[in-house]
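Trainee: sequence and predicted structure below; questions after.
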Amino acid sequence: MTDSKFPICEFADGPLLAQAFADWTAALLAAGVAARGLALLVVSGGLTPKLYFEALSRRDLDWSRVAVTLADERRVPDDSPRSNARLVRETLLQGKAAKAQFVPLADSRLTPEHEYSNAAARIAQLPMPADLVVLGMGDDGHTASWFPHSPALSEAIDPAARALVAAAPAPDGLEPRLTLTGRALLRARKIALQIEGPKKAEVFARALEDGPVEEMPIRAVLRGAPDRLKVFHATA
C-alpha cells in the first residue's frame, strides 16, 4: 500500500483483522478507564465492522465504565436494518460489552429539529475527547456522513466547528443523517480507519494523493490527524 505518515496494519482477511483490532481497542479503552475513570468509544456502521464488534464484545474490560456512541446515523427507526444503532446493539453490546453505556445519535420519533437538539445535548455530556474513534470509508471517499461536495461539508469537517453534531443530507436521496463533526472526531485521542478488500485499498490510495478534501472527505482525517491515526487493512 502507498507510503503514509501513519501506521498501516495489514491482515490476510477480515477475521484476522477483527481479532487484532479488538485486542488493540480493548487495551486503549482499559487505559482510558484506568487514567480517567471512564472511556469513550465512537464507532461507525456498515457491514465492515461486524466481525470486529463481535470480537470486541468478548474482550475482558470494565465495560460499565465505557460509553459508546456513533460517528453518524441515518434518520430511521431503531429496528430498521439500515440503523447503525441496531447494528451496534446486536453485535457489539452483547456478552461482556452489554454493560457499556450506549448513547445513540438519532431518534426518528422526534421532529428533525428536536432530534438534532437532543443528539447535540447527549453528545455534549460524553467525556470528550474520545479515547478512540473508529471510522470506515465509502467507495466515494466519504467517512462518517461527510459526503463529497456536500453543502454541509465545510462546517462538518472543521476541527473547530461550533457544534459537535451536524445534520447531513444524504447524496443517495435516501434518509437524512446526523453526523459528528470534526470537533468530535478529529480531536480524539486515537483514530482507527478500517478498510477491507482490494477495492477499498484502491480508494485509500487515491485518498493519499494530492487533491481537494471536498472530493474525498476521508482526506480530512488522513491530513488532519496523522499523529493519532492507525489504519487496519484486510487485503482480502
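Mentor: Good, I have the coordinates. All values derive from a computational prediction rather than experimental measurement. Numbering: from 1, shown residues only.
Trainee: how deep is the closest residue to Arg36 other than its chain neighbours tucked in, by neighbour count?
Mentor: With CB to CB, 6 or more residues apart in numbering as the measure, Pro127 is the residue that lies nearest to Arg36, at 6.9 Å, once sequence neighbours are left out. Heads up, the C-betas are built off the backbone N, CA and C, glycines and all. Number of residues near Pro127 (other CB atoms under 10 Å) recorded here: 13.
Trainee: now do Ala71
Mentor: 24.
Trainee: I figured it was touching Val43, is that so?
Mentor: Yes - using CB atoms under 8 Å as the test, Ala71 is close enough to Val43 to be in contact (6.8 Å).
Trainee: assign a three-state SS to the residue lying closest to Phe147 once chain neighbours are set aside, would you?
Mentor: Distances taken as CB to CB, 6+ apart place Pro171 nearest to Phe147, at 4.9 Å, with adjacent residues excluded. Under DSSP: H, G, I helix; E, B strand; the rest coil, Pro171 falls in the coil class.
Trainee: I would like the residues contacting the longest helix seen in the chain, please.
Mentor: Among the segments of the chain that qualify as a helix by DSSP state H, the longest is helix 14-36. Under the criterion CB atoms under 8 Å, 6 or more residues apart in numbering, residues 9, 11, 38-41, 48, 51-52, 54-56, 58-62, 65-66, 127, 131-132, 134, 189-190, 192, 194, 196, 230, 232-234, 236 lie in contact with helix 14-36.
Trainee: who does the helix or strand that comes right after it touch, helix- and strand-wise?
Mentor: Tracing the chain C-terminally past helix 14-36 and defining elements by DSSP states H and E, one meets strand 39-43 next. Counting contacts by 3 or more CB pairs under 8 Å, 6 or more residues apart in numbering; DSSP states H and E, strand 39-43 is packed against helix 14-36, strand 66-70, strand 132-135.
Trainee: alpha carbons of the longest one, in PDB - could you do that?
Mentor: It refers to helix 14-36. Coordinates of each C-alpha in helix 14-36 appear next as PDB, following Å, rounded to 0.1, in the frame of the first residue of the first chain:
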ATOM      1  CA  GLY A  14     -11.300  -9.800   7.900                       C
ATOM      2  CA  PRO A  15     -11.400 -12.400  10.800                       C
ATOM      3  CA  LEU A  16      -7.700 -11.900  11.500                       C
ATOM      4  CA  LEU A  17      -8.100  -8.200  11.400                       C
ATOM      5  CA  ALA A  18     -11.100  -8.300  13.700                       C
ATOM      6  CA  GLN A  19      -9.300 -10.200  16.400                       C
ATOM      7  CA  ALA A  20      -6.200  -7.900  16.400                       C
ATOM      8  CA  PHE A  21      -8.300  -4.800  16.100                       C
ATOM      9  CA  ALA A  22     -10.400  -5.900  19.100                       C
ATOM     10  CA  ASP A  23      -7.300  -6.500  21.200                       C
ATOM     11  CA  TRP A  24      -5.900  -3.100  20.400                       C
ATOM     12  CA  THR A  25      -9.200  -1.400  21.100                       C
ATOM     13  CA  ALA A  26      -9.700  -3.200  24.400                       C
ATOM     14  CA  ALA A  27      -6.200  -2.100  25.500                       C
ATOM     15  CA  LEU A  28      -6.900   1.500  24.700                       C
ATOM     16  CA  LEU A  29     -10.200   1.500  26.500                       C
ATOM     17  CA  ALA A  30      -8.700  -0.100  29.500                       C
ATOM     18  CA  ALA A  31      -6.000   2.500  29.600                       C
ATOM     19  CA  GLY A  32      -8.700   5.200  29.400                       C
ATOM     20  CA  VAL A  33     -10.600   3.700  32.200                       C
ATOM     21  CA  ALA A  34      -7.500   3.500  34.400                       C
ATOM     22  CA  ALA A  35      -6.400   7.100  33.700                       C
ATOM     23  CA  ARG A  36      -9.800   8.900  33.800                       C
END
